[in-house]
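**Student:** Next come a sequence and a model predicted from it.
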Amino acid sequence: MSDRPAEAGGLLPPALDDERLDRVVAFLADVSRAEAAALVAGGAVLVDGRPVTTRAARVAAGSEVRVALPPRHDRPAVAPDPSVLVPLVYVDDEVIVVDKPAGLVVHPGAGHAQGTLVQGLLARFPELAGVGDPDRPGLVHRLDVGTTGLLVVARTSAAHASLVGQLARREVTRRYLALVWGHLTEAAGLVDAPIGRARRDPTRMAVSSQGRAARTRYEAVRAFRDPVAVSLLSCRLETGRTHQIRVHLAAIGHPVVGDRRYGGQRASLPAPRPLLHAAELAFDHPRTGERCTFTARAPADLEQVLEALR
């Protein structure tokens, strides 16, 4: 049985005005660009009540877009991609821990049908295809494309259930290093603010009273003053919302350096990506129950920036 609704869609927000129809469908239905194109070509998409089968058709804000979705098990499986090399930190019969590099998308989605981390893992560990969500085999959490660091993947359904349960009970430790703008008034603190999609731009997340509960703890590691005022923080997630650390730190006036989407890209300290690194990951092993702790050194680009600061 499918675990998703038979239809998706709604009124197109201003932020998506004049976008291609396949991109709109990918966003509204949370499917890959390739699947969106197939849905359009197959007549599954209505714009203002009329079928549109041209994927490149432009859609105006305010238009109503409706997408008829096939059952999830009818969707094409995620294809292995041996060309994607994924740095492995630890592997046993139950779990895989990887050190994700910057720029590598974790799973297929809108605009990223191929070349993802999970497709690289599938080529090496084909048993992942039967674990968890068929669109995100083996995954129990994710990292943004620009974020580096540790990610755990389940190799069996039992391991997947165990890790998902540990995440829900907040038993998984996820600690990040973040270089942020400015100096914090308190050396440590907690950002406890719900996060939801931004009303004016649904491609962004924002602190919102209509959002889901989100909690991020932070602690200042070091403050720098030359050539700019920035701080290195250690952040620990108590929840796992999309863009959580980036949104919370921007909300308290300290966006992550290099984070163009949330106000952290500035000429005085340019960076090609948000300087956010998943440095520590700890969980109870799904089979033995033993606490497993992994750490990953900061990547070269973050180290280079830190070495230039005083």
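**Tutor:** Great, that's in hand.
**Student:** Relative to its centre, which residue of this structure is most distant?
**Tutor:** Taking C-alpha atoms, centre = their mean, the residue of the chain most remote from its mean C-alpha position is Arg50, at 33.8 Å.
**Student:** so where do the helices sit in the stretch 201-310 of the chain?
**Tutor:** Secondary structure of the stretch 201-310 of the chain (DSSP state H, counting those that start in this stretch): helices at 244-251, 300-307.
**Student:** possible to save the ones you listed as JSON lines with mean neighbour count and mean pLDDT?
**Tutor:** For every residue, glycine as well, the C-beta is placed using N, CA and C. Formatted as JSON lines, these follow (neighbours: other C-beta atoms under 10 Å; pLDDT from 0 to 100):
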{"stretch": "helix 244-251", "mean neighbour count": "24", "mean pLDDT": "98"}
{"stretch": "helix 300-307", "mean neighbour count": "15", "mean pLDDT": "97"}
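**Student:** Asp144: which of those is closest?
**Tutor:** helix 244-251 (7.5 Å; C-beta to C-beta).
**Student:** who does the closest one touch, helix- and strand-wise?
**Tutor:** Judged by 3 or more C-beta pairs under 8 Å, 6 or more residues apart in numbering; DSSP states H and E, the packing partners of helix 244-251 are strand 173-181, strand 188-192, strand 195-197, strand 205-207, strand 215-224, strand 230-237.
**Student:** Just name the most buried of the ones you listed.
**Tutor:** Burial among these, expressed as mean neighbours by mean count of other C-beta atoms under 10 Å, is greatest for strand 173-181, which shows a mean of 23.
**Student:** Show me what it is packed against.
**Tutor:** strand 230-237, helix 244-251, strand 276-284, helix 300-307.
**Student:** Other residues contacting that strand?
**Tutor:** Residues from elsewhere that reach strand 173-181, judged by C-beta atoms under 8 Å, 6 or more residues apart in numbering: 141, 147, 149, 218, 221, 228-237, 240, 245, 249, 254-258, 264, 266, 275-283, 293, 298, 302, 305-306.
**Student:** Same check on stretch 296-309?
**Tutor:** Taking C-beta under 8 Å, 6+ apart as the rule, stretch 296-309 contacts 89, 99, 101-102, 148-150, 177, 179, 224, 226-228, 230, 232, 257, 269, 271-273, 275, 277-280.
**Student:** Quick check: Arg23 vs Val40, distance?
**Tutor:** Plainly put, Arg23 is 10 Å away from Val40 if you go by C-beta to C-beta, to the nearest Å.
**Student:** Between these two, tell me which one has more neighbours.
**Tutor:** Val40 (25 against 18; other C-beta atoms under 10 Å).
**Student:** now for the helices and strands packed on helix 244-251, which one comes closest to Val65?
**Tutor:** Judging the helices and strands packed on helix 244-251 by C-beta to C-beta, what sits closest to Val65 is strand 195-197, at 16.5 Å.
**Student:** and for that closest one, what are the contacting residues?
**Tutor:** 204-208, 210-212, 214, 241-244, 247-248.
**Student:** and the worst-scoring helix or strand of the chain on mean pLDDT, what does it pack onto?
**Tutor:** Using mean pLDDT, DSSP states H and E, the weakest-scoring helix or strand in the chain turns out to be helix 33-41, at a mean of 77. In terms of contacts (3+ C-beta pairs under 8 Å, 6+ apart), helix 33-41 is packed against helix 21-29.
**Student:** Name the surrounding residues that touch the helix it packs on.
**Tutor:** 8-10, 12, 16, 31-33, 35-37, 39-40, 45, 47, 52, 54-59, 65, 67, 69, 109-111, 202-203.
**Student:** For it, what does the pLDDT average out to?
**Tutor:** Averaging pLDDT along helix 21-29 gives 81.
**Student:** From the chain's centroid, how far away is that helix?
**Tutor:** Offset of helix 21-29 from its chain centre (C-alpha atoms, centre = their mean, to the nearest Å): 18 Å.
**Student:** CA atoms of it as PDB?
**Tutor:** This file holds the C-alpha atoms of helix 21-29, laid out as PDB (Å, rounded to 0.1, in the frame of the first residue of the first chain):
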ATOM      1  CA  LEU A  21       5.900  23.200 -14.700                       C
ATOM      2  CA  ASP A  22       8.200  20.200 -14.000                       C
ATOM      3  CA  ARG A  23      10.000  22.200 -11.300                       C
ATOM      4  CA  VAL A  24       6.700  23.300  -9.800                       C
ATOM      5  CA  VAL A  25       5.400  19.700  -9.700                       C
ATOM      6  CA  ALA A  26       8.700  18.400  -8.200                       C
ATOM      7  CA  PHE A  27       8.300  21.000  -5.400                       C
ATOM      8  CA  LEU A  28       4.600  20.600  -4.700                       C
ATOM      9  CA  ALA A  29       4.600  16.800  -4.900                       C
END
